[in-house]
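Engineer: The following block contains a protein sequence and its predicted model.
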Number of protein chains: 2
Amino acid sequence: MATDSHRILVESTKRLLRRGAISHLGKIVNKTHAADLSVVFRSLSIAQQRKLFSLITDVEQKGILFSELDTDTFQDLIEDMKIDNIVSVLESMPADDVADIIGRLPEEKSKSILDKMKTAESEEVEDLLRYEDDTAGGIMVPDFIALREDVTAREAIESLQTEHSDVEMAFYLYVVDEYGKLVGVSSLRQLVVVSPETPLKEFMITDVFSVQTDMDQEEVARLVARYDILAVPVVDGSNRLVGIVTVDDVIDILRKEATEDILKMAGAGEEFVETKSIFKSTRIRLPWLFASCLGGICAFYIIGRFENSLSKVGYLAAFIPVIMGMGGNIGTQSSTIVVRGLATGRINVRDIWAVVFKELSIGLILGLVYGSLIGSVAQFRYSVGALALSVALAVICSMSIAALVGSLVPMGFARIHIDPAVATGPLVTTSIDIISVFFYFSIATWFLGI
Amino acid sequence: MATDSHRILVESTKRLLRRGAISHLGKIVNKTHAADLSVVFRSLSIAQQRKLFSLITDVEQKGILFSELDTDTFQDLIEDMKIDNIVSVLESMPADDVADIIGRLPEEKSKSILDKMKTAESEEVEDLLRYEDDTAGGIMVPDFIALREDVTAREAIESLQTEHSDVEMAFYLYVVDEYGKLVGVSSLRQLVVVSPETPLKEFMITDVFSVQTDMDQEEVARLVARYDILAVPVVDGSNRLVGIVTVDDVIDILRKEATEDILKMAGAGEEFVETKSIFKSTRIRLPWLFASCLGGICAFYIIGRFENSLSKVGYLAAFIPVIMGMGGNIGTQSSTIVVRGLATGRINVRDIWAVVFKELSIGLILGLVYGSLIGSVAQFRYSVGALALSVALAVICSMSIAALVGSLVPMGFARIHIDPAVATGPLVTTSIDIISVFFYFSIATWFLGI
């Protein structure tokens, strides 16, 4: 459903809710895909959301909605739902999604839910909860098809119809030995192409690509993306198959990580806040601006030291914005390229000096270009040679240092395993501001002899 | 293969190339996955790349490498390859990847390649070249399984073994009527679960989700991501099935779009440049800094007009950085949230006034908070009430206007179908700089009566 259809759906839902046209609304809700419903949900008030949710009859649709909603919306929604009703929805969902939801609930709530769930399912969920949220173990599903290598193609197909009939994303059949260790893989397609009595070991691929339970989810996502596979098997320390990560989860991870990186780089929090209230958004964005505020106060104490020079040569101040702006912008370029390069694997954290040297060279070249340009404008406006030279030199310094800081800081952070995206926004720009201003005034007072 | 293993592979490849250990290298190359080889390729010089490429024996591996390489690297690589050799590699590749590559080549080259290819394959490629690069038609593959609705499950499976044995990503079987119009879909899995003589029409899903050939690729990718499907059928204006877009291409699109957006927002070009030479990078980044340079020059002419006030009250200049910094940072927050929200579909372009109003409110609240804080510091340092008040007011103005401009500009651009990411970087920050400086000096000269 395209954006415009969503708009229409949201509007007619709101209208029908206002009019209390419950039976009409019920019909619409129950034939709408849960992914579309979740878009509608985000535009409604809590009371409207509860109303709409109560109209859904299909428990699986409720389940998809549960996993699509933001943590906040979800908690508001279930606040006065009966535990039994919540449990019946959760039992219809894949275990990884349930673990995801339960992991974010307050402990008493999650405990009472797990107690009420069927033993088999709550055990699956509790197994998953043992792994860190953002690792292969935390995002895998325990539903997969594992067969022994002497099983024939015909028997494998039969198992799809019987014992494995509930496996959702069945494109690969995994082959395990007597200890449950992963030894091979076959596609569902291969299974119907070979003659029925062929045993798996004769056509399975033995060079199976797998990941460990503790691999970081971003790394898993990158691997799935790079090798164009639909699911990757997850094994424990002794190579026993314990789950699979499917491509649909990989897409979600890649998108979420990209959004997080973008927001962090802009110093706008980690989670998308646009849908939250004004006060909530304000609270999240407030602390990120503090770095820039502190930096500004530093800059003002630095400039304060040059007050005398400023009273003598008032136009000195006129160049502060252009020097700060040029430094800030090239610094943002450098740090963005480095952060995104690290995230997509195009830059290796071990190449720190090569990357920093390259950025510094670019900063120097661009500094020379723009320094000459801005210096010429200064000369044209004030006809004071020493001033023009100071401005040109300050631009060169500011841009070179900005490229250096902009690349060095995120590379250094990545090296010591701190998320480089955090380093990019306010932190880098603020330090560049301070350094630029300091260099400019030092150079100018010396050249102008004031 | 993880990052560290890539590093080792790159190093040993370089070492073996230096030593001329061709046969050893050949063995390594031919057992390495093409996706890993492409990582190695990027770290080599052109001469080394040609050498390494000549060692690959498997034509399919060569094909994967062709589609993984950057346009530049690819063109360097094939420059002195014989057309026949290029053609034999292209013939082993999926038609959409071939169309992608050929579409980026100079026209004589692409024409001579198409002339040499087998008619059937070059026709497929030429068909794809008719569609815009970034639409569903441009990214679809023409390899899919389409059967009539009275075909039985058994017959469908047989067709997988015979006529459709070359379809690569076969997870769905599409059902078409006598005119080739799409009427249903079945999963491969469903096919083996039902009894063999059941005709497709009895178990196919008739509510098929499809997209038109001219739908934008980002929209297609978003839909596939939202509905968790592995492939989406592409139909022409009369609902005839003409191709499918598979999930692996969707992942590539989502990642590429995220990278492009991030780079555009930082004013660092559109394509990832880190792997290119210093001079190439410099050339790409140079023009993006021009906006900021022009803006800086504007700001300096504006401040020049207040030269008199500056000579009288030198410390006025000390607050320029903090006022510009606070405005710039909140402006970046607003524009980033809007750009990413539009890209992920969490913000609708029609909600322009609601979004802008919300951002303006947040700007005003945060402006009041930081304005009071910075004003107090100014009072503490200089004990001039009128100055402190001017600074506080300037911060409030600057932050409110920044939030307004930062949200209004990308929303407005999206409204008139210009990529909002372009609007975010230098353009927004530069205009905020100019406006902030102007307001600050106007307020201060008025309050201080200078």
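Structural biologist: Looks like it came in fine.
Engineer: What mean pLDDT does stretch A:360-371 get?
Structural biologist: When pLDDT is averaged over stretch A:360-371, the result is 94.
Engineer: tell me the contacts of the closest residue to chain B within the stretch 151-300 of chain A?
Structural biologist: Per CB to the nearest CB, A:Gly296 is where the stretch 151-300 of chain A lies closest to chain B, at 2.6 Å. Quick note: C-beta positions are derived from backbone N, CA and C, even for glycine. Applying CB atoms under 8 Å, 6 or more residues apart in numbering or on different chains, one finds that A:Gly296 lies in contact with A:Thr430, A:Asp433, B:Pro321, B:Val322, B:Ile323, B:Gly325, B:Met326, B:Ile374.
Engineer: 7 Å instead?
Structural biologist: By CB atoms under 7 Å, 6 or more residues apart in numbering or on different chains, the contact set of A:Gly296 is B:Pro321, B:Val322, B:Gly325, B:Met326.
Engineer: cool, A:Ser187 as well?
Structural biologist: Neighbour list for A:Ser187: A:Phe171, A:Tyr172 [criterion: CB under 7 Å, 6+ apart].
Engineer: Around chain B, which positions in the stretch 51-200 of chain A sit nearby?
Structural biologist: Residues of the stretch 51-200 of chain A found near chain B (CB under 7 Å from any CB of the partner chain) are A:Ile157, A:Leu160, A:Gln161, A:Ala170, A:Phe171, A:Leu188, A:Arg189, A:Val192, A:Val193.
Engineer: Hmm, the third one is touching B:Leu191, no?
Structural biologist: Translated: A:Gln161. No. Counting by CB atoms under 7 Å, A:Gln161 sits too far from B:Leu191 to count as a contact (11.2 Å).
Engineer: coming back round to it: now, which of the residues of the stretch 51-200 of chain A next to chain B lie within strands?
Structural biologist: Among those, no residue falls in strands (DSSP state E).
Engineer: Of those, which one scores lowest on pLDDT?
Structural biologist: Among those, pLDDT bottoms out at A:Ala170, giving 67.
Engineer: So what are the structural domains in chain A, by residue number?
Structural biologist: The record's domain parsing of chain A by automatic domain parsing lists A:22-130, A:146-253, A:286-448.
Engineer: Find the centremost residue of chain A, please.
Structural biologist: In chain A, the C-alpha nearest the mean C-alpha coordinate belongs to A:Glu257, at 1.5 Å (CA atoms, centre = their mean).
Engineer: quick one: pLDDT of that one?
Structural biologist: On pLDDT, A:Glu257 comes in at 84.
Engineer: what's the answer for the one 4 residues further on, then?
Structural biologist: The score at A:Asp261 is 83. That number is its pLDDT.
Engineer: Same check on A:Glu168?
Structural biologist: For A:Glu168, pLDDT reads 62.
Engineer: Next: A:Val232.
Structural biologist: Looking at A:Val232, its pLDDT is 91.
Engineer: Run through the contacts of A:Gly296 and flag the ones next to chain A.
Structural biologist: Checking the contacts of A:Gly296 against chain A by CB under 7 Å from any CB, the ones in range are B:Pro321, B:Val322, B:Gly325, B:Met326.
Engineer: mind listing what the third one touches?
Structural biologist: For B:Gly325, the contacting residues are A:Ser292, A:Gly295, A:Gly296, A:Thr430, A:Asp433, by CB under 7 Å, 6+ apart.
Engineer: Can you say which of the residues you listed are buried?
Structural biologist: The neighbour-count criterion (16 or more other CB atoms under 10 Å in any protein chain shown) marks A:Ser292, A:Gly295, A:Gly296, A:Thr430, A:Asp433 among these as buried.
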